[in-house]
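Chemist: build me a model:
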Amino acid sequence: MRYYLDAEFNGFGGALISIALVPETGGSAPFYAAVDCTDPTPWVAAHVMPKLDVAPVSYAELQWAFADYLATDPDPVLIADWPEDIVHAARLLVTDDGRRLIISAVRFELAEVVNFSTSELSHVPHNAYHDAVALRTFCMARRHVTAK
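Modeler: All right, here's what the predicted structure looks like:
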């Protein structure tokens, strides 16, 4: 199945704060979780932290929950609008001692997102779940238009 991915992190190159996967098809539950961010950048403190809407868990708990979520799908494809979102998702699948948390293959796709803006299209910009929903809506609309 295809999942639309978004992550919030503590500035460019910073630590993961939250991550979401929104399935392409209805009927499947999304994934959304966050970890503590003890020293957010001023921009992150103002624009991301107030919009998390989920209690943070430890990074290890997030890793296991993320892997468990993906493990039910034999061929997951994670689609993101930003390369760093993919980096954070891939890092979640590797433990501190170098073990891989998921057995099945996972594919990543960097979407072509000309004219996509979460600030304009997301119901709650800078919330990973809502931004992933906006990305799904945008990409599905583009696929529908190009299929005609």
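
Chemist: any regions of this structure where pLDDT drops low?
Modeler: Low-confidence segments of the chain (pLDDT under 70): 144-148.

Chemist: which residues in it form strands?
Modeler: In the chain, strands defined by DSSP state E lie at 2-9, 16-23, 31-34, 77-80, 107-110, listed in chain order.

Chemist: export these as CSV, with columns for mean neighbour count and distance to Ser58.
Modeler: Quick note: C-beta positions are derived from backbone N, CA and C, even for glycine. Shown next, in CSV, are the strands of the chain (neighbours: other C-beta atoms under 10 Å; distance: least, C-beta to C-beta, whole Å):
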stretch, mean neighbour count, distance to Ser58
strand 2-9, 25, 17
strand 16-23, 24, 12
strand 31-34, 21, 10
strand 77-80, 20, 22
strand 107-110, 13, 24
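
Chemist: tabulate the ones you listed (CSV), appending distance to Ala60.
Modeler: Converted to CSV, the strands of the chain look like this (distance: least, C-beta to C-beta, whole Å):
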stretch, distance to Ala60
strand 2-9, 17
strand 16-23, 12
strand 31-34, 12
strand 77-80, 20
strand 107-110, 22
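
Chemist: Ala134 is nearest to which of the ones you listed?
Modeler: Nearest to Ala134, of all the strands of the chain, is strand 2-9, at 8.3 Å by C-beta to C-beta.

Chemist: relative to the closest one, what are the paired strands and their orientations?
Modeler: strand 16-23 (antiparallel), strand 77-80 (parallel) (DSSP bridges).

Chemist: nearest to Tyr129, out of those strands?
Modeler: Proximity to Tyr129, assessed across these by C-beta to C-beta, is greatest for strand 16-23 (4.1 Å).
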